[in-house]
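Enquirer: Here you go, sequence then predicted model.
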Amino acid sequence: MSNELNIPDEKFALMLEQIKELFFEFGIKNLNMDDISHKLGISKKTLYRFVKSKEDLITRIFEYDQVKWAEAMNIIGSQEVNAIEKLFKVSLLVYEEMKRFNPMLLFELRKYYESLYNEFHNQKLDHISRSMRINLKKGISEGLYRNDLNIEAVVAIYMNYLVEIHNAQVCRVAEVTFDELFRVMFENHIRAISTPEGVAYFEKRKREITENLIKNNN
C-alpha cells in the first residue's frame, strides 16, 4: 500500500489513519496544521516532512482511502460467493463509509475543498458502478437476477439512491433513520432485479443482513 501511495514509510500511513479520525471527530475547518500535529504528538516540522499543506494532506487522505477501498473491493470480488452475497458485502462497505461521513463533514469538504472532493467522490462512484455492472452480469448468469434487466439503467438508479440517501434532509422528511432507509433501499433493489430464485435466496439471508446492518451501526 505504501508504494502505491508513494508514502515514505508506514509511519505516514498510520498518521493518515489518525488524522482521518480527527477529521471525523472535530471536522476539517476546526483543525489547522498546528492542531493536527499537536494531537498526533509530533512537531509541525515533522508533519510538513510528509505534506506541503492542509490541502495536500486532504489529498493524501483521499488517495489513501481510495487504495484501501480498492483493496476491500478486490477481496470481495475474489470471494467464491453468489452475486447477491457480493452485492450485500459491497453495499455493507458503502453503508459503513456513508455512516461515518456526517452532514457537517460533507458540507465542509464541499465548501472548502470542492474540486478535491468531487474528483475523488466521482472516482469512487465510478468504481462502484463498474462493480455493479460486473455483479449484475454475474447474477444474471447465475439465474438470481432477471435476464431482461437494463444494466445501465439499474446502475444509474441504484447510484442515484446511494447519493441521495446520504442527504440528511431525506431522513428528516421521511422521519426514518439512515439505517432504516438503507435497509429498505437494499431490499427494494434486490426484489426489483431478482428472479423468484433470487428472491427466495434473499429471504433466507434477510435476517442476517438486517443483523449485520444493526451490528455495524453499534
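Expert: Great, that's in hand.
Enquirer: quick one, helices of the protein?
Expert: Using DSSP state H, the helices of the chain run over 2-5, 10-26, 33-40, 44-50, 54-78, 83-100, 103-112, 114-141, 151-164, 168-174, 178-193, 196-217.
Enquirer: Mean neighbour count and mean pLDDT added to these, as CSV?
Expert: All C-beta spots, glycine's among them, are computed from the backbone N, C-alpha and C. Converted to CSV, those look like this (neighbours: other C-beta atoms under 10 Å; pLDDT from 0 to 100):
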stretch, mean neighbour count, mean pLDDT
helix 2-5, 12, 46
helix 10-26, 16, 92
helix 33-40, 15, 96
helix 44-50, 14, 93
helix 54-78, 16, 92
helix 83-100, 18, 84
helix 103-112, 15, 88
helix 114-141, 15, 93
helix 151-164, 14, 89
helix 168-174, 12, 52
helix 178-193, 17, 87
helix 196-217, 14, 78
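Enquirer: With adjacent residues omitted, what lies nearest to Thr59?
Expert: Spatial nearest neighbour of Thr59, chain neighbours left out: Leu116 (5.9 Å); criterion: C-beta to C-beta, 6 or more residues apart in numbering.
Enquirer: Run through the residues that contact the one you found.
Expert: Neighbour list for Leu116: 55, 58-59, 62, 109 [criterion: C-beta atoms under 8 Å, 6 or more residues apart in numbering].
Enquirer: and the gap between it and Phe101?
Expert: The gap separating Leu116 from Phe101 is 14 Å, by C-beta to C-beta, to the nearest Å.
Enquirer: ok now do the spatially most central residue of the chain, which residues does it touch?
Expert: In the chain, the residue lying closest to the centroid (C-alpha atoms, centre = their mean) is Val94, at 3.6 Å. Each residue near Val94 by C-beta under 8 Å, 6+ apart is listed here: 128, 162.
Enquirer: That one and Asp148, how far apart?
Expert: 26 Å.
Enquirer: Also Val176?
Expert: Counting by C-beta to C-beta - Val176 and Asp148 are separated by 31 Å.
Enquirer: Looking at those two, which is more packed in?
Expert: Val176 (14 against 6; other C-beta atoms under 10 Å).
Enquirer: and that one, how far is that from Phe186?
Expert: 14 Å.
Enquirer: cool, and Lys138?
Expert: Counting by C-beta to C-beta, the gap from Lys138 to Phe186 is 17 Å.
Enquirer: Next, format the contacts of Leu116 as TSV and append distance to Leu22.
Expert: Below are the contacts of Leu116 laid out as TSV (distance: C-beta to C-beta, whole Å):
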residue	distance to Leu22
Glu55	16
Ile58	12
Thr59	16
Phe62	15
Leu109	14
